[in-house]
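Asker: Give the three-dimensional model of this entry:
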Amino acid sequence: MFKKLKLIFLIPFLFSFLGYSQSQDNLLAQADSLFQNQKFTQSFDLYDSLYNQQAATPAMLLKMAYIKEGLGDYTLAQFYLNEYYLATRNDQALTKMGEIAKEKDLTGYETNDLNFLISLYFKHFQWLVAGVISLSVLLFIFFLIQLLKFRLIPPLTTFFMGLTLIGLFILINFGKPYNKALITKNNTFIMAGPSAGADVIDVIGKGNKVTINKQTDVWLEIKWDGQHGYIKESNVRPLTIW
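Answerer: Numbers count the residues shown, from 1 in each chain. Presented below is the predicted three-dimensional model:
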């Protein structure tokens, strides 16, 4: 009787969820139709609504980037291209971001060896975690075999099993911080300290990509031109990981 009551109470929530999902599908279909009819600003408004509902699809992100580039807003074009890349790991998105960055003289999009390795890390993060999990399981099985067969705790196996477990813990909890952000305002001041009264290091324009080291109140610490500086949080838009 109790189980039946629980099911009855769950039914309204189930229908509510299905209705919400159907509403998002209808909104996406409407936005796609507007895009195909070249009504780009109207379609972008609908795409943006879905994006804010965390219901973005990779194809939608690519269209949002296309629309913003066509409107001359290269900053948001870079933003949605970066979101698309993180969602699909499509290297062509990196190439396109590099082309826009070169044309607009933007920094943060360099394709040096370090950035290439970082992109590989994010691109194959899931496989890296799966590999460490598999190795941990194999080591645990080997540990059990040795323990049951020889009635002793194998030191070498225990050591490597501990290392893999520590590595897995670090990967899952701290291994994927994508602390990148785009400057969204022209004439953004980079200060020597987290204060409006600090010395000005540089003034940069929108579209540049920076790495956020830490946050102090409304100030974000970044590394710019080989030195540490601070910018206001309101001048950037964080890039996310999918």
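
Asker: Show me the shaky parts of this structure.
Answerer: 1-21, 111-120, 123, 174-178, 240-242 (pLDDT under 70).

Asker: Check this structure for its longest strand and report it.
Answerer: Counting residues, the longest strand in the chain under DSSP state E turns out to be strand 209-216.

Asker: Using neighbour counts, pick out the buried residues of it.
Answerer: Residues of strand 209-216 classed as buried by neighbour count (16 or more other C-beta atoms under 10 Å): 209-210, 212. In this view, the C-beta of every residue, glycine as well, is placed from N, C-alpha and C.

Asker: Touching that strand from outside, list them.
Answerer: 78, 82, 106-109, 179-183, 194, 220-224, 228, 230-231, 233, 236, 238-239 (C-beta atoms under 8 Å, 6 or more residues apart in numbering).

Asker: Now find how far off-centre the helix or strand that it is followed by is within its chain.
Answerer: The helix or strand immediately downstream of strand 209-216 is strand 219-224, counting by DSSP states H and E. Here strand 219-224 is found 19 Å from its chain centre; the criterion is C-alpha atoms, centre = their mean, to the nearest Å.

Asker: same check, this time on stretch 80-91
Answerer: When C-alpha coordinates are averaged (C-alpha atoms, centre = their mean), stretch 80-91 and its chain have centres 9 Å apart.

Asker: about what we covered before: now do the longest strand of the chain against strand 219-224: the angle between them, please.
Answerer: 140 degrees (axes from the mean of the first three to the mean of the last three C-alpha atoms, to 10 degrees).

Asker: Sheet partners, orientation included, of strand 209-216?
Answerer: Sheet pairing of strand 209-216 (DSSP bridges) gives strand 180-183 (antiparallel), strand 219-224 (antiparallel).

Asker: Dump stretch 217-233 to CSV, restricted to CA.
Answerer: Output in CSV follows, covering the C-alpha atoms of stretch 217-233 (Å, rounded to 0.1, in the frame of the first residue of the first chain):
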residue,chain,number,x,y,z
ASP,A,217,36.3,39.7,-3.4
VAL,A,218,35.4,41.2,-6.7
TRP,A,219,38.9,40.9,-8.1
LEU,A,220,40.3,38.1,-10.1
GLU,A,221,44.0,37.4,-10.2
ILE,A,222,45.4,36.6,-13.7
LYS,A,223,48.8,36.3,-15.3
TRP,A,224,49.3,38.9,-18.1
ASP,A,225,52.4,39.5,-20.1
GLY,A,226,54.6,37.6,-17.7
GLN,A,227,53.3,39.2,-14.5
HIS,A,228,50.4,38.8,-12.1
GLY,A,229,47.6,41.3,-12.2
TYR,A,230,44.0,41.8,-11.1
ILE,A,231,40.8,42.5,-13.0
LYS,A,232,37.3,43.0,-11.9
GLU,A,233,35.0,40.0,-12.0
